[in-house]
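Peer 1: Could you look at this predicted model? Sequence included:
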Amino acid sequence: MKKESASLFILRFVLFLSFFYHGTGILFDWFDGPGISGFAGYMHFPVIIAALVGIAETTGSLAMISGVLTRIGALNIMIVMLGAILILHLPNGFDIMKNGYEYALTEFAIALSIFIMGPGEYTLTGLVKKDAPFILK
């Protein structure tokens, strides 16, 4: 189980980096992000939808790095990536060089894998027990 846990941690860490960067850029204007109103304007979304995307990305990223509520965090990421694929990237085809859905699909697949497998052994200790319900892992 150690190899699987190490692999899951690497995948969780990569999702954390990407979604923490983007989520906090939306919510808090960090990392030269657009902020909620900037993101809403760019995407032509209501401000509440932009805020929910930022919240989903940020909380999903924190679930990935901590290994706590990982499946809920993975579900957050999957929903955001499904939206990105359908709303933003699908009309451009697959190729990422043409703003296609290649990268968003990859992140969706990583999140789906983590949703199925759970966080592995490398999580914040003591907060999630091995016998915890499926969704809490």
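Peer 2: Nice, I can see it.

Peer 1: buried residues in stretch 44-51?
Peer 2: Burial within stretch 44-51, assessed by neighbour count using 16 or more other Cβ atoms under 10 Å, is assigned to 45, 50-51. (C-beta placed from N, C-alpha, C; glycine too.)

Peer 1: for stretch 87-99, same thing?
Peer 2: Neighbour-count burial for stretch 87-99, counted by 16+ other Cβ under 10 Å, picks out His89.

Peer 1: Not counting its own residues, what contacts that stretch?
Peer 2: When contacts are defined by Cβ atoms under 8 Å, 6 or more residues apart in numbering, stretch 87-99 is touched by residues 43, 100-104.

Peer 1: how far does that stretch stretch from start to finish?
Peer 2: Separation of the first and last residues of stretch 87-99 by Cα to Cα, to the nearest Å is 12 Å.

Peer 1: pLDDT (mean, whole number) over that stretch?
Peer 2: Per-residue confidence for stretch 87-99 averages out to 97 on the pLDDT scale.

Peer 1: mind checking the SS state of Glu121?
Peer 2: coil (DSSP: H, G, I helix; E, B strand; the rest coil).
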